[in-house]
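Peer 1: What follows is a predicted protein model with its sequence.
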Amino acid sequence: MRRPISETADALPTRCCRRRRTFILVSFLWICLLLTGPAKASGALEIRAWVDKTEATLEDQIFLTVSVSGQRRLPDDLELPPLPDFSITEGGTSSRTEIINGTIRTSVEATYILTPRHLGIFTIGPVRLKHKGRTYESRPLTVKILPAASPTAAHPKAFVTQQVDLKNPFVHQQIVYTFRFFRRVQSVEAQWDPPSFQGFWVEDLGKERQYEKVLNGQRYAVTELKKALYPLSAGPAKIEECRLACQLVVPRQGVPRGMDSFFGSSFFGSRVQTITKNLRGEPISLNIRPLPEAGRPEGFQGLVGSFAVQAVVGQDRLRLGDSTTLTVTVTGIGNLRDLAALLPETIPGFKVYPDKPSFQAEIQGDTLRGTKVFKKALVPLKAGPMKIPPQEVPYFDPVKGAYRIARTAPIPLTVEGNGEKEPLHLVTSSDLAGSKRSIKVLGKDILPIHTGLAGARSQIPSKTSLYAILAGVLLPPCIFLVCYGKKRRRERLETDQHIIRRKGARKKANRLLKEAKGGISRPEDKEYFGRLARSVKGLIGDKLNLNALAYTPEEIEGCLLGRRIPEEDAREARKLLEELEYDLYVSQGLETGERAALHRRARRLLSRLDKRL
Amino acid sequence: MATENRKERLFPVWAILLLTLCIPRAAQGQDDIHTLLFRANQAYLDGRYAEAAGLYQAIVDKGDANGHVFFNLGNTCIRLGEVGKAILNYRKAAVLLPRDGDLKANLQYARSLTRDRIEGASPPFWHALAFWYFGMNLRELLITFIVFNALFWASALFNLYRSSEWTKWGLWLSLVLSVLLGISTALKYRETFRNPGGVVLVEEAPVRAGFSRNDTTLFVLHEGAEFTILDQEMGWWKIELADGKKGWLPANAGGRVALRLSRSPGSKQGAPDQRVPPGLPQAAAPGEP
C-alpha cells in the first residue's frame, strides 16, 4: 500500500521522538536497577556449599562449590575448612545477577577441585565468612572415598601401571622402569606426575611409544614410557606411586542415540562429556643387593653390567720422538658413564698423554648401551720392538654374579731409532703447501707458578686500613660541608641588613663622636649636641635594627629595658639624650668643661651599650 | 679584610689537596712473608711439592690473602694430585686476580681433570656490560670508588664557587660513576667474603635428600665438582649444581671459595670452613652408599 508523501513526512519525526523517549526511559530504569541492586543484595548474605558427588574413588575429582549470595565478588575473608585428606585446586569463580519480580539477587560461586588422598569417610567442615562483624557458615558435607577400580577386576575405562624388569638388582645395575597408560576411551590433557626415583640415577630410554593391546577382550590404546634406573645404594628401595591426571571423553548419560542423531548434537547439546580422572600406579618395592666383597679385582671402579673393550693404535711403526694414538673403546650395557680410567694407566717405555674420554649412549631395545672412548697419545722413549700391554676394565657381571675383567690383546709396535739414514725428500712449493697439517696437541699441563714478590702483599683491605678507607670516603663530604657553611655565612653577611648595621654600629658611633669632639672648644656650636645624640641613638638603632633617630628618650629607654639592658644604663641613656636635646634646642650654651663632660659620658655609655647589646 | 678574602679564595685549593691524601696507603714491608714466599717458590721449582704446599699454606694462614699465593698453591695441589684443592685455590685466586690469563688456563686444565661433567648455563650478557666489576678485585674497586667519590665532592666544591654548564655536567657524571662504583664495591665485598661457591675435596661425596646419613643418596659427586651453597644446617650444606640439581652435602666433604676477612692463625686452607659438630659424619669415604 502506498502512503501519501505528506503523511510519511509528518510521521517520521514523531516516531524518532518516541524511540528516543523509550530509549531514555529504559536506560533510566536500568541505571536505577543497578544503583539499587547492591543495597538490596548486601542485606541478604547467605553462604552455601555443595559437592558434585558424595561418593568417589581415589581416581576421581570432587568439585566443591561455595556460593555466597548477596555479593558480586568473592569476599577476601572467605575461609575454607582444613582439608588434609585432599589436595585442593582452585577451579574459578562466577557471579550471577537475577531480577525476579523487581527484586535483584546477586550471588558469586567459587569452585574448588578436591583430589582425594586416602580412603575413608571424610567430613568437609563448614566454609566460613566473616562479614560486618558477623560470621556466616555453610553446612558441613560428608564424602566417601572408595578404592580405585582394579585394572584386572573389570573393564576400566583407563588405568596406569608401572613396573621394573628386576626387583632385586645389584647396586649400579641397570634396571628398566616401564610406565604404561591404558585407555579404551579418548583422553585429553593427560599429565604424568612421575615418581621421584629417590636413590636412583635415571636415564631416559627414548620417546614414548603408542600401540594397541587387547586385554580381557577389550581393545586398549597404550602409551608406554621407559627409563633406565641405576640404584645408588644397597638395601630396600621404593619407587613411589606414579600419578596421571587426564580427562576422559565418555558418552553423556540419558541422551538417547537416536534422538541425538535425528536432531543433531549441536542443538540439544553434545552427546559426550569429559570426566577428570587421577589415575595412580602402585608403588614398587625393590631390594638392592650389595656387590660381593669376595673376588673384587684391583682397580674396580663400580662398573656393573656387561662390557667389551677394544684397542687400536694409529701406527704400529714409528720413529723415536714421533707419537701415536692409542684408542681404547669400551662398550656395553651398564653404568659405563662412571668409568674414569683404564688399567694400567702407565705404559712401560712410553710417555703417556691421556685425553679427556668421550661418552655416547644409545638405546638398544629396552636397554641403554654406552660407548666410552679413551684416547692416549704415546711417545716412545726408546727404540726397538715394543708392546702395549692389555688394557683392562674390571666389572661385575650381575647375570653370572661374579667379577670379570674385559681386556684387549697386547699390541706390538716397532720404534725406529734416529740414527738411521733419512731418505732425501725433494719438495716443491706445491708439495710444501699441501703437506701442512694442523698442529697436534701432544699433551696438556699447567702454566708455571708466579715467582714475583707481588705475592707477599695482601690484596684485601685489612682491618688497619679501615680507618684510611673511612677517611677517604668521609673526608671529602666533610670538607665540602665546611666550605658550604663558610660560603653561606659570607653570603649572609653580605646580604643581611641587620647584620651589616650591627657589625658597623660601633665604628659609625665612634666616627660621630670623633666629629663631635671638635665642637667641645666652640661654645656657639649647637650642632655638637646633635652629633652626640645621633651617635648614641645611631648605635642603639644599628644594634637593634631600629630607626632610633626618630625615637624620644623615653621610647629609647623602653627599648633598652625590653632588651634586658641594666636599668641604670637605660636610665643614663634617657637622661643623657634628654640633656642633649635640651642643650640643643633650649639652653643658651655651655662651658667648655661641661661640653667635654657630656662627651665623656656619651663615650662611656656607648662603650657599655656596645658590650651589652 | 683582604687577608680574610684571600684565605677564603684559597680554601678550595687546600680542600682539593687534602682530598688527594685520602687514598689508603699500601701495607708496609713484610719481610717474613717475603722469606716464606721465596722458600715456597724454590721448593716448588725443585719438585718438593709437599714442602711447597706447606709453606704456601703458612702464608695463607697468616691472613694476607693474595691471589698469586692461591695460584701457586693451586699449582702445587695439581702436582700433588689433589684436583679438588687445586680448583678451590684457583677459584680463590680468581676472586683476587680476575684478569690473570695463566690462572684461567690452569683452572680450565684442573676442571678437565675432574670426573663429573656438570652442564651449566653460559654467562649472561651483563657480565660483558659490567666489565669493571668482573675485571677488578675488591681492593682495586675500593680505590677507584674512593677516587671517584673524592672527584665527585671536589667537583661539587668547584661547582659551589665556579658554576657553569660544564661543571654541572661533570658533577652529575662523577655522581653517577661514584654511585655505580659504590654499589659495585659492596657487591664485590659480598663476592669476596660471602661467596657461596664451593668445591668437593674428597674423592667421592654422596649428596643426600636431607641433612642426615639416613637420607636417600640423590647423586654422587667426585673430587673437584663445583657447587653453590644455598643453606647450611648441622654440619651439612644444601648445595645446587650448575645444572639445577640440589641436595645436602656433608660440610667436611667440601671447601668454600669465600675468603676470610680477619687473620686466623692456625686455620687450614682448603679444609672445610664449616665446623662439624661431634657425632656427625666426617669425611665421606669413597664408595660410601
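Peer 2: Happy to help now that I have it.
Peer 1: need the helix or strand of chain B with the lowest average pLDDT.
Peer 2: When each helix and strand of chain B is scored by mean pLDDT, DSSP states H and E, helix B:2-19 comes last, with a mean of 55.
Peer 1: Mind listing residues that contact the helix or strand harbouring A:K238?
Peer 2: Applying DSSP states H and E as the criterion places A:K238 in strand A:235-239. Residues from elsewhere that reach strand A:235-239 (C-beta atoms under 8 Å, 6 or more residues apart in numbering or on different chains): A:162, A:164, A:177, A:195, A:197, A:199-200, A:229, A:231, A:283-288, B:289. C-beta here means a position set from N, CA and C on the backbone, and glycine is covered the same way.
Peer 1: Mind splitting the chain into its structural domains?
Peer 2: Reading this off chain A. A:46-146, A:158-287, A:305-416, A:497-612 (automatic domain parsing).
Peer 1: Sorry, I should have been clearer: chain B.
Peer 2: Split into domains by automatic domain parsing, chain B comes to B:31-112, B:127-193, B:195-289.
Peer 1: how about the residues of the stretch 301-450 of chain A that lie near chain B?
Peer 2: Proximity of the stretch 301-450 of chain A to chain B (C-beta under 8 Å from any C-beta of the partner chain) is limited to residues A:302, A:340, A:356, A:444-450.
Peer 1: try 10 Å this time
Peer 2: Within the stretch 301-450 of chain A, the positions near chain B by C-beta under 10 Å from any C-beta of the partner chain are A:301-302, A:337-341, A:354-356, A:359, A:444-450.
Peer 1: If any of those residues are buried, put those into a PyMOL selection.
Peer 2: Restricted to buried positions by 16 or more other C-beta atoms under 10 Å in any protein chain shown, the PyMOL selection for those reads:
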select buried, chain A and resi 301+302+337+338+339+354+355+446+449+450
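Peer 1: sorry, back to before: take the domains of chain A and lay them out in JSON lines including mean pLDDT.
Peer 2: Shown next, in JSON lines, are the domains of chain A (pLDDT from 0 to 100):
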{"stretch": "domain A:46-146", "mean pLDDT": "84"}
{"stretch": "domain A:158-287", "mean pLDDT": "82"}
{"stretch": "domain A:305-416", "mean pLDDT": "85"}
{"stretch": "domain A:497-612", "mean pLDDT": "87"}
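Peer 1: if we can go back for a sec, counting only strands, which of the residues of the stretch 301-450 of chain A next to chain B make the cut?
Peer 2: Cross-referencing those against strands under DSSP state E gives A:354, A:359.
Peer 1: could you pull out the helices for the chain?
Peer 2: Going with chain A. Listed in chain order, the helices of chain A (DSSP state H) span residues A:5-43, A:257-263, A:265-268, A:429-434, A:466-495, A:497-517, A:527-544, A:553-562, A:567-585, A:592-612.
Peer 1: that's the wrong chain, I meant chain B
Peer 2: Using DSSP H, helices in chain B cover B:2-19, B:31-45, B:49-61, B:67-79, B:83-96, B:101-112, B:126-129, B:131-135, B:138-161, B:165-193.
Peer 1: Can you name every helix or strand that the longest one contacts?
Peer 2: Under the contact criterion of 3 or more C-beta pairs under 10 Å, 6 or more residues apart in numbering or on different chains; DSSP states H and E, the helices and strands touching helix B:165-193 comprise helix A:466-495, helix B:83-96, helix B:131-135, helix B:138-161.
Peer 1: So which elements touch the third one?
Peer 2: Think helix B:131-135. Using 3+ C-beta pairs under 10 Å, 6+ apart: helix B:131-135 touches helix B:126-129, helix B:138-161, helix B:165-193.
Peer 1: highest average neighbour count across those helices?
Peer 2: Mean neighbour count (mean count of other C-beta atoms under 10 Å in any protein chain shown) peaks for helix B:138-161 among those, with a mean of 20.
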